[in-house]
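Student: Sequence first, then the predicted structure, then my questions.
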Amino acid sequence: MNKINLAITGCMGRMGQQIIKSSKKNKNFKIVSLTENRKINKRICGIKPQLNSLEAFKKANLIIDFTIPKCTIEILKIASKLKKKVVIGTTGFTKREENLIKKFSKRIPILKAGNMSLGVNLLMYLTEIASKSLGKKFLTKVYEVHHKHKKDFPSGTALMLARGVAVGKNKEFYKIIGKKFLNKKSFPYGNKINFNSIRKGEVIGEHEVSFSSGKEIVTLNHESFDRALYSEGALTAAQWLSRKKPGLYSMRNLLNF
């Protein structure tokens, strides 16, 4: 089997560094390009990081992107011109940016996931089932904890879980998003889905979705202990996507939930 020539964006970030580490151990990949949104004056794995450009991605078969939304859209414009496949782990997109990603997916294969973990994607599936089964009498809220360096909130995973609730209730996702709290000790249920995001220490990730009828509470949760589970999940996604035609895919497609 030929190795997949891989480009990794945001190579100096926490996930970028972890993906480099994991891909070096994976015999199915060869790193051919690393990029950042600023000049880096050192070599990583013998490769000098470049700015995002046609030249930077020319030799790659596939791009793995964990950056910021503005950067991801820039990368997709380039990937679309070069017909390169893209795995997106970036979170925090606006509705407009989500629509742009759908547009690009008509030209190139894109796998986008707010979380690359098998366990988290299973949790989202269970959230859909719980939301559908428990019905309208149960209100929902989502709680998440991440390290102090994470800027966006709620996390992409928290929004994934909210989307699972929306699917279960057959509601439009953006219409059931409620209040977004940051670092609150407690927060209420509401007619819409409320979020509480905690940013502290070096926590890798904790997520919890709760359903309450006022008489009972059902809680589903997931805790991450090793960031490698995300980078290894991204590489699994990349290998799967390498055989796909243009379209917008998710980890659910890969895992066949």
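Tutor: Structure received. Predicted model only: the values in this text are computed from it and were never measured.
Student: Skip ahead from the longest helix anywhere in the chain and say which helix or strand is next.
Tutor: The longest helix of the chain (DSSP state H) is helix 118-134. Counting by DSSP states H and E, the element after helix 118-134 in chain order, helix or strand, is strand 139-146.
Student: what is the orientation angle of that next one with helix 118-134?
Tutor: 170 degrees (axes from the mean of the first three to the mean of the last three Cα atoms, to 10 degrees).
Student: now what about strand 139-146, what contacts it?
Tutor: 131, 153-155, 157-158, 161-162, 165, 178, 187-191, 193-200, 203-213 (Cβ atoms under 8 Å, 6 or more residues apart in numbering). C-beta coordinates here come from the backbone N, C-alpha and C atoms, glycine included.
Student: and that strand, how far out from the chain's middle?
Tutor: Relative to its chain's centre, strand 139-146 lies at 17 Å (Cα atoms, centre = their mean, to the nearest Å).
Student: again, but for stretch 85-94
Tutor: Chain-centre distance of stretch 85-94: 6 Å, with Cα atoms, centre = their mean.
Student: Stretch 84-103 too?
Tutor: On Cα atoms, centre = their mean, the centre of stretch 84-103 falls 10 Å from the chain's centre.
Student: Distance across that stretch, terminal residue to terminal residue?
Tutor: Stretch 84-103 stretches 15 Å from its first residue to its last (Cα to Cα, to the nearest Å).
Student: What residues of that stretch count as buried?
Tutor: For stretch 84-103, a neighbour-count test (16 or more other Cβ atoms under 10 Å) marks 84-93, 97, 100-101 as buried.
Student: can you list the weak-confidence ranges in this protein?
Tutor: Scanning the chain for pLDDT under 70 picks out 1.
Student: for it, what spans make up the helices?
Tutor: 14-25, 54-57, 69-82, 95-104, 118-134, 156-169, 228-241, 251-255.
Student: Buried residues, stretch 221-231. List them.
Tutor: Under 16+ other Cβ under 10 Å, the buried positions of stretch 221-231 are 222, 224, 227, 229-231.
Student: Tell me the one among the residues you listed nearest to residue 117.
Tutor: Nearest to residue 117 out of the buried residues of stretch 221-231 is residue 229 (Cβ to Cβ; 5.3 Å).
Student: still on that earlier bit, okay, the helices of the chain, which one's buried deepest?
Tutor: helix 156-169 (a mean of 23; mean count of other Cβ atoms under 10 Å).
Student: quick check: angle from that helix to helix 118-134?
Tutor: Counting by the same axes, to 10 degrees, helix 156-169 points 30 degrees away from the direction of helix 118-134.
Student: Touching helix 156-169 from outside, list them.
Tutor: 90-92, 113-115, 120, 123-125, 127-133, 136, 140, 142-144, 154, 172-173, 176-177, 193, 195, 197, 205, 207, 209.
Student: still on that earlier bit, can I get the buried residues of stretch 84-103 in a markdown table including distance to residue 255?
Tutor: Converted to a markdown table, those look like this (distance: Cβ to Cβ, whole Å):
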| residue | distance to residue 255 |
| --- | --- |
| 84 | 24 |
| 85 | 18 |
| 86 | 19 |
| 87 | 14 |
| 88 | 17 |
| 89 | 16 |
| 90 | 20 |
| 91 | 19 |
| 92 | 23 |
| 93 | 22 |
| 97 | 25 |
| 100 | 26 |
| 101 | 20 |
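Student: Keep only those of those residues that are in strands.
Tutor: Judged by DSSP state E, the buried residues of stretch 84-103 include 85-88 as members of strands.
Student: what's the closest of those residues to residue 50?
Tutor: Nearest member of those to residue 50, counting by Cβ to Cβ, is residue 86, at 16.8 Å.
Student: Surely that closest one is in contact with residue 79?
Tutor: Yes - counting by Cβ atoms under 8 Å, residue 79 is a contact partner of residue 86 at 5.0 Å.
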